[in-house]
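Student: the sequence isn't on hand, but the structure is:
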C-alpha cells in the first residue's frame, strides 16, 4: 500500500516560519509529499474597563485563511508543489500535536541566536520537539534548502 506522505508546516507568518515553509516545499518536491501549511491562532482578550471593539472569531478565521492562501500560492509558485492550508483556533502546541496524526513529518522554523537553548526554551518549537510522536525537522531562519546527504536520528527510546 502506497500512502502519500504529508509534511505538516506550522506557521506564525514570521521570517523563520516562511523559510521553514520554503524548505518544506522543496523537500516535498524531492520526496513526492503533500504539504499542509498550518496556523493556530487565538482571539485576543482585552482586559480593560473601557469597552473595546475586538475582532470576532469568524473575522479572525477569514483573515488567517487569506494570509495562508497567499503564502500557499507563493510556495506553489516557488516549487510547483500544491500546498494545502488550514487555520484553527486554539493553543498552538496542542493543535499541532492533534494535526500530527495526519502527517509523516513536521517542519518548523527557528529564530537564529547565539545561545540556542535560551531562544528555544519555552517556545512552541521546543514543546513540539519534546511531545511530537513523528519526526520534527527544525530549520534555522537563514538555512537554505539542499538535498540531505546525511541524517542524524536522535532518540530517547520512548
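Tutor: The structure has been received and is ready for your questions. Quick caveat: nothing in here was measured; it's all calculated off a predicted structure. Residues are numbered from 1 along each chain as shown.

Student: can you give the contact residues for the helix or strand where residue 7 lies?
Tutor: Using DSSP states H and E, the element containing residue 7 is strand 6-10. Applying C-beta atoms under 8 Å, 6 or more residues apart in numbering, the contact partners of strand 6-10 are 17, 20-21, 24, 27-28, 33-40, 92, 96, 99-100, 102-108, 124, 128. For glycine as for every other residue, the C-beta is placed from the backbone atoms N, C-alpha and C.

Student: at 7 Å instead, please
Tutor: 20-21, 24, 27-28, 33-38, 96, 99-100, 102-108 (C-beta atoms under 7 Å, 6 or more residues apart in numbering).

Student: what subset of the residues you listed is buried?
Tutor: For the contacts of strand 6-10, a neighbour count by 16 or more other C-beta atoms under 10 Å gives the buried set as 20-21, 24, 27-28, 33-38, 96, 99-100, 103-108.

Student: quick one: low-confidence ranges for the chain?
Tutor: 1-3, 51-53, 112-122, 158 (pLDDT under 70).

Student: show me what counts as buried in stretch 137-156.
Tutor: 137-139, 141, 145.

Student: typed the wrong thing, it's stretch 40-56
Tutor: Buried-residue list, stretch 40-56, by 16+ other C-beta under 10 Å: 40-41.

Student: how long is that stretch end to end?
Tutor: 15 Å (C-alpha to C-alpha, to the nearest Å).

Student: show me the contact partners of that stretch.
Tutor: Contacts of stretch 40-56 (C-beta under 7 Å, 6+ apart): 57, 60, 64, 87-90, 92, 95-96.

Student: quick revisit: list the neighbouring strands of the strand holding residue 7 plus their orientation.
Tutor: strand 34-41 (parallel), strand 105-110 (parallel) (DSSP bridges).

Student: residues in contact with the residue lying closest to residue 136 once chain neighbours are set aside?
Tutor: Spatially, and ignoring its direct neighbours in sequence, residue 136 is nearest to residue 106 (4.5 Å; C-beta to C-beta, 6 or more residues apart in numbering). By C-beta under 7 Å, 6+ apart, residue 106 lies in contact with 8, 100, 128, 132, 134, 136.
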